[in-house]
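> any chance you could fold what I've pasted below:
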Amino acid sequence: MSVRRWLKSTSNRTFIVWPVALFAAEALVQGAVPRLNPWAAPLLAWGYLQYHWVGIYRTKRGGGGPGLANPPERIVDSGPYGWTRNPMYLGHIIFFVGLALVLRSWIAAAVLGAHLVWFDLRARGDEKHLLQLFGDPYRDYCKRVKRWIPFVY
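Okay, the predicted model is just below:
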């Protein structure tokens, strides 16, 4: 696999590239090994595990494969998808929150902010694709389940 193809993977960037890059940036800014906040580390595990386990759940329930390059064959509206339409992306966001808190970093907070916008735009694009694929049953699902935060947004 080429480096370019490996870097195209959102999960590789979120869970490997960004943590290494932000740790290195903080080391440069601080002129030393960054002082870490271990109390925020569970958010890193939570974000990654949510992404990973929800991905397995989606594939088992809906078919298809990772990402929309290999879309699901059925709407998945149970389990975590009964609470939020984007639980895998939410796992990425939780991980970025943890990264910003673990590193105590304004740089990581800025990266988190950029990813909030990016994931929201990506989710909206995915939803357009899924609406074309599944039609009214998907539209009904969107009316029942919020995009990000259950019962709120």
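> please identify the buried residues of the helix or strand where A108 lies?
In this assignment (DSSP states H and E), A108 forms part of helix 106-134. Residues of helix 106-134 classed as buried by neighbour count (16 or more other CB atoms under 10 Å): 108-109, 111-112, 115, 119-120, 122-123, 126-127, 130, 134. C-betas here are computed from N, CA, C, even on glycine.
> so which of those residues is the closest to A24?
Relative to A24, the closest of the buried residues of helix 106-134 is A108; by CB to CB it sits at 11.7 Å.
> show me where this protein has its helices.
3-8, 10-12, 18-30, 41-62, 87-103, 106-134, 136-144 (DSSP state H).
> looking at those, which is buried most?
With neighbours defined by mean count of other CB atoms under 10 Å, none of the helices of the chain is more surrounded on average than helix 87-103, at a mean of 23.
> and that helix with helix 41-62, angle?
Note on geometry: by axes from the mean of the first three to the mean of the last three CA atoms, to 10 degrees, helix 87-103 and helix 41-62 are set 170 degrees apart in direction.
> about what we covered before: right, so of the helices of the chain, which gets closest to G79?
Shortest distance between G79 and those, using CB to CB, is found for helix 41-62: 5.5 Å.
> how far does the closest one sit from its chain's centre?
On the basis of CA atoms, centre = their mean, to the nearest Å, the separation between the geometric centre of helix 41-62 and that of its chain is 9 Å.
> quick one: mean pLDDT for stretch 90-103?
Throughout stretch 90-103, pLDDT has a mean value of 98.
> same question but for stretch 43-52, I mixed them up
98.
> quick check: the nearest residue to I149 once chain neighbours are set aside vs L99, distance?
Sequence neighbours aside, T84 is the residue nearest to I149 in space, at 6.9 Å (criterion: CB to CB, 6 or more residues apart in numbering). Spatial separation of T84 from L99 under the definition CB to CB, to the nearest Å is 21 Å.
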